[in-house]
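1. the sequence isn't on hand, but the structure is:
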């Protein structure tokens, strides 16, 4: 059977390939990276900046504070975890069909990754553009970076010479703007996640366990088990946790009575194929939810349940990735925004040695990150 997630990935790749081919006159290649630039839409940012300059400046100052804390806090956390040989860095890459990418990688479902990266990159670079235009610096263009068919980043291209002439405060606001956008995105994501969970919990209740599928030649299939499980032996089952707890003290060969809305089934538990000490029934289960608010009754339709948990899972990933990107981006290491941010601070504090100090700090940070990514795993493998 074809995995729909993998199929959708190929359809997406083919669609992107066709679009790139049609737009090839506007595409540039740089060391294998696909670059597409635009100039449209800058006037919309100018309208926003001209309408709320004081508010944007205030938010920028707040972003500078958050950026400074994130950069220093990120360094401290990285040093502490690295010293204790705990991996704190990993590559966040898309996957499909449940495949896990080996190595120091966090595998994220493809569509969650794609949408999250789009939101994170768009808000990050848009915030940079807003503060660039706030200071009347020309914005040449903006664009997207792609590796094959995958978007891996975005950029804005301001007049760097004019940025260098700005005051330190103005430059810091520009450098911190991207991570500030990431932190705001993370806050909104976790806020929506908590609100969604609260709303769902307050308007629904669990009232049994639904059998999603049954393995062939399993105890459940031989007994023709079906329906919504509401009792295991004499214990009431309202959710998956109740179901697991009711079977905790069971052993292979034990007889168990399952009561469903379709009838009563006596089943002898088998040995788990992966662990002889554990029991095996051969069912995949999930909670059954019923409406529990506003006088609405009845079972919550499965598509609604799947959609809710898909959105919650996405918000969880968006929070984690956006927060991580915001912190990493503010680490004092060039060419990250944090390198420019702390480089400006060091240059103002030490006019003659600030640039050299930032270069040395960048090399040290890069070494620590590489060690955290690969060295810790190597040491633990020895």
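-> Yep, that arrived. Everything numeric here is computed off the predicted structure, so don't read it as measured data.
2. phi, psi for residue 230 please.
-> Recorded main-chain torsions at residue 230 are phi -120, psi -20, according to degrees, to the nearest 10.
3. and it, how many neighbours?
-> Each residue near residue 230 was counted by other CB atoms under 10 Å, and the total is 17. No exception for glycine: its C-beta is placed from N, CA and C like everyone else's.
4. how much space separates it from residue 161?
-> Relative to residue 161, residue 230 is positioned 72 Å away (CB to CB, to the nearest Å).
5. ok, residue 231 touching residue 263?
-> No. Using CB atoms under 8 Å, residue 231 makes no contact with residue 263, being 11.6 Å away.
6. show me the strands in the protein, by range?
-> Taking DSSP state E, the strands of the chain run over residues 27-30, 33-38, 91-95, 105-109, 139-147, 150-158, 204-214, 228-232, 235-236, 255-260, 263-268, 270-272, 275-280, 283-291.
7. wait, which of the ones you listed is closest to residue 176?
-> Closest to residue 176 of the strands of the chain is strand 150-158 (CB to CB; 14.5 Å).
8. mind listing the helices for the stretch 1-150 of the chain?
-> Using DSSP state H, counting those that start in this stretch, the helices assigned to the stretch 1-150 of the chain run over residues 4-22, 42-51, 53-83, 110-134.
9. for the last one, which residues meet the burial criterion?
-> The neighbour-count criterion (16 or more other CB atoms under 10 Å) identifies 110-114, 116-117, 119-134 as the buried residues of helix 110-134.
10. can you check the longest one too?
-> By 16+ other CB under 10 Å, the buried positions in helix 53-83 come out as 56-57, 59-60, 63-64, 66-68, 70-71, 74-75, 78, 82.
11. so it versus helix 42-51, what angle?
-> With axes from the mean of the first three to the mean of the last three CA atoms, to 10 degrees as the criterion, the two stretches helix 53-83 and helix 42-51 enclose an angle of 110 degrees.
12. what's the spacing between helix 53-83 and its chain's center?
-> The offset between the C-alpha centroid of helix 53-83 and the centroid of the whole chain comes to 20 Å, using CA atoms, centre = their mean, to the nearest Å.
13. picking that back up, in CSV: the strands of the chain, plus mean pLDDT and distance to residue 197.
-> As requested, the strands of the chain are arranged in CSV below (pLDDT from 0 to 100; distance: least, CB to CB, whole Å):
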stretch, mean pLDDT, distance to residue 197
strand 27-30, 81, 43
strand 33-38, 84, 38
strand 91-95, 85, 23
strand 105-109, 86, 19
strand 139-147, 85, 33
strand 150-158, 84, 29
strand 204-214, 90, 11
strand 228-232, 91, 23
strand 235-236, 92, 24
strand 255-260, 91, 28
strand 263-268, 91, 34
strand 270-272, 87, 32
strand 275-280, 83, 31
strand 283-291, 90, 13
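14. among these, which is nearest residue 48?
-> strand 139-147 (13.0 Å).
15. and the closest one, what does it pack onto?
-> Strand 139-147 makes packing contacts with strand 33-38, helix 42-51, helix 110-134, strand 150-158 when contacts are defined by 3 or more CB pairs under 8 Å, 6 or more residues apart in numbering; DSSP states H and E.
16. nearest to residue 292, of these?
-> Evaluated with CB to CB, the helices and strands packed on strand 139-147 place helix 110-134 nearest to residue 292, the distance being 28.8 Å.
17. tell me the mean pLDDT over the closest one?
-> Model confidence over helix 110-134 averages 93 on the pLDDT scale.
18. next, the angle from it to helix 42-51.
-> Relative orientation of helix 110-134 and helix 42-51, computed by the same axes, to 10 degrees: 60 degrees.
19. am I right that residue 281 is in contact with residue 222?
-> No. Using CB under 8 Å as the test, residue 281 is too far from residue 222 to be in contact (10.6 Å).
20. more crowded one of these two?
-> Set side by side, residue 281 and residue 222 show unequal neighbour counts under other CB under 10 Å, the larger going to residue 281 at 25 against 14.
21. not counting its neighbours along the chain, what's nearest the more buried one?
-> Excluding its sequence neighbours, the residue lying closest to residue 281 (CB to CB, 6 or more residues apart in numbering) is residue 220, at 5.1 Å.
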